[in-house]
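Colleague: return a 3D structure for these sequence lines:
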Amino acid sequence: MARLFGTDGVRGIANTELTPLLAMQLGAAGAYVLTEEHSYRPTIMVGCDTRISGDMLANALMAGICSVGANAVYVGVMPTPAIAYLTRKYKVDAGVVISASHNPVEFNGIKFFNGDGYKLSDEMEDRIEEYIRNGNKDLPKPTGSGVGKIKYRRDAREEYINHSMSQISTDLTGLKIVADCAEGASYITSIETLQELGATVIPIHTQPDGTNINSNCGSTHMEELCARVVMEKADVGLAFDGDADRLLAVDENGHVVNGDEIMAIIGNHMKEQGTLSGDTIVVTVMTNLGFLLMGKEKGIRVDQTKVGDRYVLEHMREIGASLGGEQSGHIIFLNENTTGDGLLSALHLLEVIKLSGKKLSELAKVMEVLPQALCNAKVPTHKKDKYLEYSEIKDAIQALEKKYAGEGRILIRPSGTEPLVRVMIEGKDQKVIDADAQKLAMLIEKTVI
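Modeller: Sure, this is the predicted structure:
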């Protein structure tokens, strides 16, 4: 049987793959594994994004938590980074977010944080899975006063807003910002924070109805934001995803500024301020080659990990780095939060714009983005790790590696959260790499069935 946990928790189509029963089992097993060494009754914080399935899964999950004698604190709709921060702030024993991030509304997910606000290790996830596969029959089943209870808390949002505001040293008066909240979890926190700091904010996609999260909006669909920034003559556009742990930006000319560019801008500013620990930024193998060249030019060490913000975070903790992230916009400020945080990314980017007096388009010139082509091949979930077992795919990849040797690179990887194999080609000619990436993705999709 395939592993339940992917690179970002347990994820699937709500009510068929990620069922209320599985949510309850995860709540019970997760609560027990995360808190079994405690001699007191533990408490676990639970939040969700704006998906219609969130309440269904949250209540099932909390039923599981209470069934093993732990208490739950439900804070409702809240960004993922807010749960990571608040878990530490309120000194609860663990946190859980019910969200499928940038995925469409039919998906949902469950991801855990330990009491220090960090995602779980593979070993701890494996222990949770072991209990579930055994039907949770070895878990405690208290009765009477031993059963846990649920507390509902509605004031936690302000704690996260105040924390975020305190992380920059200037107000944002004079900046005109279009903010796309993806009909997701940041529709209040991001807008309120920007307004509190003095910015003129034009909010879009801040009317979630449970079914419209990430629907042609947010960091995965930026066409409307690009056009709106130009129309409004705004200084910058900000695009969050459904759970607000990632950020992409748009410059005043309507051009997208990706996670690599945002990290380059902020990283260089931090280096100048002496706050970039070890003058190092941690990124993944998907990071554009232009970022690596920027690092050499600016005296910034660039460490690379495999794809996934959890792996970036692990390496950051190992070496004591203060900044790391992904091209997709997951950016981690480890001295301020323990996971990717779209709002913190936005605030630090806006702070550089304000303090430098420069346009975002000018700041983005700190690195040259070399042409990249990204294509997805849709494959069955249980086969996405086996694409190299097919000789025609292996031969095609080897031919491309030979073609681009010395002037580009090929990166093929299964998605950690979706039934996809991702194809990335980097080279000199955009049309050529687009065609090659699409051709390979189609071959994988046709072959792996």
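Colleague: contacting residues around residue 154?
Modeller: Going by Cβ atoms under 8 Å, 6 or more residues apart in numbering, residue 154 touches 75, 76. Heads up, the C-betas are built off the backbone N, CA and C, glycines and all.
Colleague: can you offset everything so residue one is 30?
Modeller: Sure, I'll start counting at 30 from here, so that last one is residue 183.
Colleague: any figure for the gap between it and residue 76?
Modeller: 12 Å (Cβ to Cβ, to the nearest Å).
Colleague: could you do residue 363 as well?
Modeller: 21 Å.
Colleague: tell me which of these two has more neighbours.
Modeller: residue 76 (28 against 18; other Cβ atoms under 10 Å).
Colleague: mind listing the shared neighbours of residue 183 and residue 76?
Modeller: Shared contacts of residue 183 and residue 76, counting by Cβ under 8 Å, 6+ apart, come down to 104, 105.
Colleague: let me see the backbone angles for residue 442.
Modeller: phi -150, psi 150 (degrees, to the nearest 10).
Colleague: show me where this structure has helices.
Modeller: 49-64, 83-96, 109-118, 151-162, 185-194, 218-225, 252-261, 288-302, 318-327, 338-348, 371-385, 389-392, 420-432, 459-476 (DSSP state H).
Colleague: out of these, flag the one nearest residue 103.
Modeller: Ranking the helices of the chain by proximity to residue 103 (Cβ to Cβ) places helix 83-96 first, at 6.5 Å.
Colleague: and the closest one with helix 49-64, angle?
Modeller: 50 degrees (axes from the mean of the first three to the mean of the last three Cα atoms, to 10 degrees).
Colleague: domains of this protein?
Modeller: 34-186, 203-395, 401-476 (automatic domain parsing).
Colleague: in a markdown table: those, plus mean pLDDT and distance to residue 193.
Modeller: Compiled in a markdown table, these are given as follows (pLDDT from 0 to 100; distance: least, Cβ to Cβ, whole Å):
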| stretch | mean pLDDT | distance to residue 193 |
| --- | --- | --- |
| domain 34-186 | 95 | 9 |
| domain 203-395 | 97 | 5 |
| domain 401-476 | 92 | 26 |
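Colleague: now these in a markdown table, with distance to residue 194?
Modeller: Putting the domains of the chain into a markdown table (distance: least, Cβ to Cβ, whole Å) gives the following:
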| stretch | distance to residue 194 |
| --- | --- |
| domain 34-186 | 13 |
| domain 203-395 | 6 |
| domain 401-476 | 31 |
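Colleague: what's the separation between the residue nearest to residue 474 when sequence neighbours are not counted and residue 400?
Modeller: Take residue 474 and drop its neighbours on the chain: the residue closest to it by Cβ to Cβ, 6 or more residues apart in numbering is residue 406, 4.2 Å away. According to Cβ to Cβ, residue 406 and residue 400 sit 20 Å apart.
Colleague: can you check residue 417 too?
Modeller: On the measure of Cβ to Cβ, residue 417 and residue 400 end up 25 Å apart.
Colleague: neighbour count for these two, which is higher?
Modeller: residue 400 (18 against 10).
Colleague: hmm, the more buried one is touching residue 458, no?
Modeller: Yes. With contact defined as Cβ atoms under 8 Å, residue 400 reaches residue 458; the gap is 6.9 Å.
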